[in-house]
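Peer 1: need coordinates for the below:
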Amino acid sequence: MGSNRRALKILHVDPEREWGGGERQVLGLLSYLGRQGHQSHLLGHPGGLLLQEARKIGIVTFPLFVRNDLDFRPIFSLRRLIRKERYDIVHFHTKRAHALSLWLRRIYPGIRYLVTRRMDYPVRRNWYNDYLYNRQVDGVVAISQKIVDLLVQGGVRRERIRLIHSGIDPAPFQKMPVADSDRRPTVIGTAAVLEERKGHRFLLEAAALLKRRGHRLKYRFAGDGSERERLQQIVLELGLREDVEMIGFVSDIPGFLSTIDIFVLPSVYEGLGVAILEAMAAGKPVVATRVGGIPELVSDAATGLLVPPMNPQALTQAIERLISQKGLLRQLGEKGRERVLRQFTMEQMARKNEDYYYDLLQMHPEWGFNRAKEEGSRVDV
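Peer 2: You can find the predicted model right below:
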């Protein structure tokens, strides 16, 4: 269905330095919005990879350094930027960015503000969160139904929440063959920031169990983070020095996935799991924990295998099941790829965010700094 829509001017705020699934979503959204004729600006960490990648696709960027959730000094520079650039939408992409929304709505009431919630941590019922979610922003994007439920339990009004699953660009993965585990030894891979919430140590404990059971396997860990040294020590303690390769940050995810046979994400907490979507798009069978939004991606024994979190024994059994049942391994790879192409593309995610922007703007008779009354370009949708 086609309709004429006015092109929007949007400020995206993501002050995180690390590069993870959320930052890949922001970059994909920026790229899509540009193709649709919208003007996007990005406010982010001056040393972060997101700003560098955004510049490569022609996005205007501004540096923003936020020390912690209670650092409100950047609010003043944010206010000056909004006053100068006259945005229609301000989109906060992280918790730290969301904290900067304090006082903005009162000063610039015509602008629409929204925040994306990506983490599946509980939201406490208190005056601060009520103020942030129910008063300081006009809408909340939740990337999984699990996060929707947690927000509602925390007192966020349901009508203010829009469920928009994350997505990936499937094109780089399309020429990759579905895994058949013909190579020996079988390679188990994971790609995630090295933080405790990702549960890497439970995969290492499962690797030790599998080794004691006589399985000759190799493991590749892509990613970096604060847990790196601790995990390297665990590798030595478990006698896995010759079995585990920690390769650090990887920008070429399709290339990394081409080197593995089975993808494992042993998260303790997970909003949705972009890394899982990428592995599924690459045709790799997935073993993941039943936490957060992961069950919305992976149907157990249909598009992957689900196990309880913090359970090395369950991980061991799931991996053994795949390496011993080649037909199941190939089937899960094929079905996982089909599901991503059908439901979880970057294009779908970005278009739903764009639709939400227009829905929020219709809540108010004026757009931003009266931009709806000005002469401007229109975008065909």
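Peer 1: look up phi and psi at Thr303.
Peer 2: phi -120, psi 10 (degrees, to the nearest 10).
Peer 1: what segments of the stretch 151-300 of the chain are helices?
Peer 2: Secondary structure of the stretch 151-300 of the chain, counting by DSSP state H, counting those that start in this stretch: helices at 200-212, 228-237, 253-257, 274-281, 294-297.
Peer 1: highest mean neighbour count out of those?
Peer 2: A comparison of the helices of the stretch 151-300 of the chain by mean neighbour count, using mean count of other C-beta atoms under 10 Å, puts helix 274-281 on top with a mean of 28. No exception for glycine: its C-beta is placed from N, CA and C like everyone else's.
Peer 1: that helix packs against which elements?
Peer 2: If contacts are counted by 3 or more C-beta pairs under 8 Å, 6 or more residues apart in numbering; DSSP states H and E, helix 274-281 sits against helix 21-35, strand 186-191, helix 253-257, strand 262-265, strand 286-289, helix 294-297, helix 326-343.
Peer 1: what is the very next helix or strand once past the longest one packed up against?
Peer 2: What that stands for is helix 326-343. Proceeding N to C from helix 326-343, the next assigned helix or strand is helix 346-361, under DSSP states H and E. If contacts are counted by 3+ C-beta pairs under 8 Å, 6+ apart, helix 346-361 sits against helix 21-35, strand 89-92, strand 112-117, strand 139-142.
Peer 1: need the ones you listed in a markdown table with distance to Leu332 and mean pLDDT, can you?
Peer 2: Formatted as a markdown table, these follow (distance: least, C-beta to C-beta, whole Å; pLDDT from 0 to 100):
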| stretch | distance to Leu332 | mean pLDDT |
| --- | --- | --- |
| helix 21-35 | 21 | 95 |
| strand 89-92 | 35 | 96 |
| strand 112-117 | 29 | 96 |
| strand 139-142 | 27 | 97 |
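Peer 1: tell me which of those sits most buried.
Peer 2: strand 89-92 (a mean of 27).
Peer 1: could you dump whichever helix or strand comes after that one to CSV, C-alpha only?
Peer 2: Later in the chain than strand 89-92, the nearest helix or strand by DSSP H and E is helix 95-98. Output of helix 95-98 as CSV, limited to C-alpha atoms (Å, rounded to 0.1, in the frame of the first residue of the first chain):
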residue,chain,number,x,y,z
LYS,A,95,19.6,2.7,28.8
ARG,A,96,22.3,5.2,29.2
ALA,A,97,20.9,7.2,26.3
HIS,A,98,17.5,7.0,27.8
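Peer 1: contacts for helix 95-98 next, please.
Peer 2: For helix 95-98, contacts defined as C-beta atoms under 8 Å, 6 or more residues apart in numbering pick out 13-16, 66, 68-69, 92, 115, 117, 119, 132, 137.
Peer 1: these, buried ones only, as a PyMOL selection?
Peer 2: Per 16 or more other C-beta atoms under 10 Å, the buried members of the contacts of helix 95-98 correspond to this PyMOL selection:
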select buried, resi 13+14+15+16+66+92+115+117+119+132+137
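Peer 1: nearest to Arg197 among the contacts of helix 95-98?
Peer 2: Met119 (8.7 Å; C-beta to C-beta).
Peer 1: measure that closest one to Arg96 for me?
Peer 2: Applying C-beta to C-beta, to the nearest Å, the value for Met119 to Arg96 is 11 Å.
Peer 1: again with Arg220
Peer 2: 31 Å.
Peer 1: Glu229 too?
Peer 2: Going from Glu229 to Arg96 by C-beta to C-beta gives 25 Å.
Peer 1: looking at it, Val250 is touching Leu257, isn't it?
Peer 2: No. Contact criterion C-beta atoms under 8 Å: Val250 and Leu257 do not qualify, at 9.6 Å.
Peer 1: joint contacts of these two?
Peer 2: With C-beta under 8 Å, 6+ apart, Val250 and Leu257 have common neighbours Ala191.
Peer 1: any weak-confidence spans in the protein?
Peer 2: Residue ranges of the chain with pLDDT under 70: 1-4, 67-72, 106, 176-183, 364-381.
Peer 1: pick out whichever of Arg220 and Arg96 has more residues nearby.
Peer 2: Per other C-beta atoms under 10 Å, whichever of Arg220 and Arg96 has more neighbours is Arg96, with 21 against 18.
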